[in-house]
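Enquirer: this one's structure only:
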Ligand code: AHR
């Protein structure tokens with residue numbers, strides 16, 4: 001039984017209390033949310049130290065038909081541009097048909113009657129008038145869609161066509177072939193379903209976008225996580241590499257063991273925010289890479305201004321007028337209106353090092369000077385100790401981002417974590433948390449923790465679970481993720497429904513409340529006495545009844561503990577599993593004897609009220 005006191009609001013709940021954290025981990029972006037169906041579309045893959053199997057022709061294979069042969073080579077002479085530097089040369093022998101095929105991310109999914117946008121950059125040394133044939137082929141060899149490009153010029157040029165699938169398929173391939181001789185060069189070979197989330201070009205997978213929207217998030221933290229500051233600075237997330245024409249973005253490797261096309265870049269993230277009704281919360285690196293990686297990489301102080309300027313330019317990209325350098329790019333990309341960026345996250349889960357302490361203040365000072373209205377979200381690191389909170393307090397950031405991945409019991413016993421936080425310090429952003437599992441028990445533990453957060457919503461301003469997405473068989477974070485998916489299915493976990501329930505039903509204020517904590521039915525065999533006690537908590541007993549008749553506390557025999565039995569009983573924490581007070585029943589007539597005790601917790605840690613007969 002829950003008692004909610006409508007007349008006793010305690011704290012206001014932030015309008016942005018519940019949001020999402022997106023990181024490209026577990027193939028969340030390419031092969032996941034980003035709807036591109038071709039893998040390694042611009043031939044930029046290469047072996048990584050944590051994934052040696054990748055190579056420039058990953059997901060590609062040679063096609064030779066009707067006696068035709070071809071040699072494939074990934075090269076970088078005279079590339080499409082200086083950011084997207086590799087492409088494939090198909091050296092044709094002039095007989096039969098030859099080309100290449102892409103199998104997507106373990107198969108391309110096609111839907112009967114759905115339309116697909118194909119595009120490619122191509123050039124050819126000879127036989128320019130020979131057509132390029134484009135097919136979508138099912139794993140049984142049947143052709144589900146076909147189109148052709150009549151001729152290819154000697155210089156790089158983009159070609160596009162629309163294909164309509166004649167049947168469903170889950171393991172289809174995209175096949176691009178030609179006849180004749182010479183060298184056919186291809187780059188940015190792309191296939192997109194026309195039906196994307198909110199119908200965006202270069203958009204998101206519809207079902208996954210929908211699953212995010214249905215969480216009712218009020219903010220979206222992106223792009224990471226560890227990928228924001230990178231394993232080393234070489235793969236730190238530089239937002240400028242991820243905007244503009246997709247063919248001119250500069251792909252990079254991902255610390256989770258794969259490559260990022262950056263087709264889902266900063267513009268798409270901000271557009272996604274609009275599409276799901278969330279405010280953007282970009283994370284910019286603060287001149288240091290991931291604290292777990294050795295050697296620990298940091299920007300030399302004399303170069304730090306470049307990284308600080310990146311942060312300032314990002315704000316201009318999001319909010320600046322169309323006449324400004326970066327506002328102009330936003331407008332050219334199709335969004336002249338500002339994205340109304342309100343927050344910038346500085347750093348991700350930084351370790352407490354002198355290098356962080358030295359660099360962080362420069363970012364704060366520059367943003368504060370140029371954009372005083374932007375709310376700066378700092379970082380206090382990993383674990384319950386929040387090591388950098390003192391620096392965040394000194395820098396007077398708006399809020400500070402703390403992370404923890406703990407077992408469910410930690411969440412259950414930490415619902416009072418924020419009760420004692422100093423309200424004069426920066427607010428807390430719980431920017432990554434999860435209870436190491438997707439069972440119902442995990443979800444309940446997280447829900448319990450959120451009740452503690454709501455009670456402390458005057459200091460905890462924002463929260464988001466992590467990680468958000470995980471592709472089956474492609475995970476680097478296998479224990480717990482909010483949404484699991486493969487190429488065709490989306491699985492919402494119990495943890496998902498907890499997030500959804502809290503976000504959808506968030507109140508404006510927190511109301512004082514109490515619950516019935518114990519109700520014992522004690523039969524005759526044990527009905528010598530009834531006892532009440534506490535374990536590890538402080539409670540106020542509101543009433544106790546025996547067979548429906550109120551018991552008078554003054555009659556109770558006191559056995560120990562700290563209490564006041566003049567009005568109602570008030571118990572301090574007590575670690576004994578013994579009654580603090582006890583009473584002999586008036587009668588034991590052989591029928592069931594029902595003791596009812598109603599109490600509310602008034603402080604202390606999580607513990608129990610004990611009410612029992614003995
Ligand atoms: O959410 C997965 C990882 O956990 C994030 O990249 C990092 O911030 C944290 O350590």
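Expert: Okay, I see it. Nothing here was measured: the structure is a model prediction, and the numbers come from that model.

Enquirer: which residues touch the closest residue to the ligand within the stretch 301-450 of the chain?
Expert: As assessed by C-beta to the nearest ligand atom, the ligand sits closest to residue 349 within the stretch 301-450 of the chain, at 4.4 Å. In short, each C-beta sits where N, CA and C put it, glycine included. Shown in contact with residue 349 (C-beta atoms under 8 Å, 6 or more residues apart in numbering): 226, 291, 379, 381-382, 401, 403, 432.

Enquirer: flag the shaky bits of the stretch 401-550 of the chain, pLDDT-wise.
Expert: Scanning the stretch 401-550 of the chain with the threshold set as pLDDT under 70 gives 514-544, 546-547.

Enquirer: if we can go back for a sec, separation between the residue of the stretch 301-450 of the chain closest to the ligand and residue 227?
Expert: With distances taken as C-beta to C-beta, to the nearest Å, residue 349 is found 12 Å from residue 227.

Enquirer: which residues of the stretch 251-400 of the chain lie near the ligand?
Expert: When proximity is defined as C-beta under 6 Å from any ligand atom, the stretch 251-400 of the chain approaches the ligand at 348-349, 382.

Enquirer: which residue packs closest to residue 70, ignoring adjacent ones?
Expert: Leaving aside its sequence neighbours, residue 70 sits nearest to residue 98 (C-beta to C-beta, 6 or more residues apart in numbering; 3.5 Å).

Enquirer: check residue 484 too.
Expert: That would be residue 491: by C-beta to C-beta, 6+ apart, it lies 4.3 Å from residue 484.

Enquirer: run a quick neighbour tally on the residue in the chain that the ligand sits nearest to.
Expert: Going by C-beta to the nearest ligand atom, the ligand is nearest to residue 225 of the chain, at 2.9 Å. Number of residues near residue 225 (other C-beta atoms under 10 Å) recorded here: 28.

Enquirer: what does stretch 61-71 rub up against?
Expert: 72, 90-93, 95-101, 103, 175, 177, 179.

Enquirer: which residue ranges of the stretch 101-250 of the chain form helices?
Expert: 206-213, 226-229 (DSSP state H, counting those that start in this stretch).

Enquirer: let's have these in a markdown table, adding mean pLDDT and mean neighbour count.
Expert: Formatted as a markdown table, these follow (pLDDT from 0 to 100; neighbours: other C-beta atoms under 10 Å):
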| stretch | mean pLDDT | mean neighbour count |
| --- | --- | --- |
| helix 206-213 | 98 | 18 |
| helix 226-229 | 96 | 25 |
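
Enquirer: distance to residue 259 added to those, as TSV?
Expert: Converted to TSV, those look like this (distance: least, C-beta to C-beta, whole Å):
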stretch	distance to residue 259
helix 206-213	20
helix 226-229	12
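
Enquirer: name the SS class of residue 454, please.
Expert: helix (DSSP: H, G, I helix; E, B strand; the rest coil).

Enquirer: number of residues surrounding it?
Expert: Residue 454: 20 neighbours (other C-beta under 10 Å).

Enquirer: residue 160 now?
Expert: 11.

Enquirer: and for residue 124?
Expert: 24.

Enquirer: bridged to it, which residues?
Expert: residue 184 (DSSP bridges).

Enquirer: my read: residue 54 touches residue 43, true?
Expert: No - between residue 54 and residue 43 there is no contact under C-beta atoms under 8 Å: 11.6 Å.

Enquirer: name the residue in those two with the higher neighbour count.
Expert: Neighbours around residue 54 and residue 43, counted as other C-beta under 10 Å, are more numerous at residue 43. The numbers are 27 against 18.

Enquirer: grab the nearest non-local neighbour of residue 273.
Expert: residue 280 (4.5 Å).

Enquirer: touching, the residue nearest to residue 484 and residue 482? I think so.
Expert: No - contact criterion C-beta under 8 Å: residue 491 and residue 482 do not qualify, at 10.1 Å.

Enquirer: which one of those two has more residues nearby?
Expert: Using other C-beta under 10 Å, the more surrounded residue of residue 491 and residue 482 is residue 482, with 25 against 14.

Enquirer: distance of residue 61 relative to residue 180?
Expert: Taking C-beta to C-beta, one finds residue 61 at 21 Å from residue 180.

Enquirer: which ones among the contacts of residue 349 lie within helices?
Expert: Residues of these located in helices (DSSP state H): residue 226.

Enquirer: show me which of the contacts of residue 349 are buried.
Expert: 226, 291, 379, 381-382, 401, 403, 432 (16 or more other C-beta atoms under 10 Å).

Enquirer: closest to residue 275 among the contacts of residue 349?
Expert: The shortest approach to residue 275 among these belongs to residue 432, at 23.1 Å (C-beta to C-beta).

Enquirer: surely that closest one meets residue 466?
Expert: Yes - here residue 432 reaches residue 466: they are 3.8 Å apart, a contact under C-beta under 8 Å.

Enquirer: hang on, the earlier thing: what helix or strand does the residue of the stretch 301-450 of the chain closest to the ligand sit in?
Expert: According to DSSP states H and E, residue 349 maps onto no helix or strand at all.

Enquirer: need phi/psi at it.
Expert: Residue 349 adopts backbone torsions of phi 50, psi 40, taken as degrees, to the nearest 10.

Enquirer: now do the same for it: its pLDDT.
Expert: At residue 349, the pLDDT value in this model is 95.

Enquirer: do the same with residue 329
Expert: 98.

Enquirer: where do the contact lists of residue 432 and residue 466 overlap?
Expert: 21, 225, 403, 405.

Enquirer: want to throw these into CSV with distance to residue 319?
Expert: As requested, the shared contacts of residue 432 and residue 466 are arranged in CSV below (distance: C-beta to C-beta, whole Å):
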residue, distance to residue 319
21, 22
225, 24
403, 28
405, 33
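
Enquirer: let's see which of the buried ones among the contacts of residue 349 end up in strands.
Expert: Here DSSP state E is the test, and the buried ones among the contacts of residue 349 give 379, 381-382, 401, 403, 432 as lying in strands.

Enquirer: now residue 147. Nearest residue, chain neighbours left out?
Expert: Per C-beta to C-beta, 6+ apart, closest to residue 147 is residue 161, 4.3 Å.

Enquirer: which residues does the one you found form a beta bridge with?
Expert: residue 118.

Enquirer: that one and residue 116 touch, don't they?
Expert: No - using C-beta under 8 Å, residue 161 is not in contact with residue 116; the gap is 9.4 Å.

Enquirer: who's more crowded, those two?
Expert: A count of neighbours by other C-beta under 10 Å puts residue 116 above the other of residue 161 and residue 116, at 24 against 16.

Enquirer: for that one, give me its contacts.
Expert: 37, 110, 136, 145, 162-165, 191-194.

Enquirer: now that we have those residues, which of them are buried?
Expert: Applying 16+ other C-beta under 10 Å to the contacts of residue 116 flags 37, 110, 136, 145, 163-165, 191-193 as buried.

Enquirer: where does pLDDT dip in this protein?
Expert: Across the chain (using pLDDT under 70), the flagged ranges come out as 1-2, 514-544, 546-547, 551-614.

Enquirer: run through the residues of the stretch 101-250 of the chain sitting next to the ligand.
Expert: Checking the stretch 101-250 of the chain against the ligand by C-beta under 6 Å from any ligand atom, the hits are 224-226.
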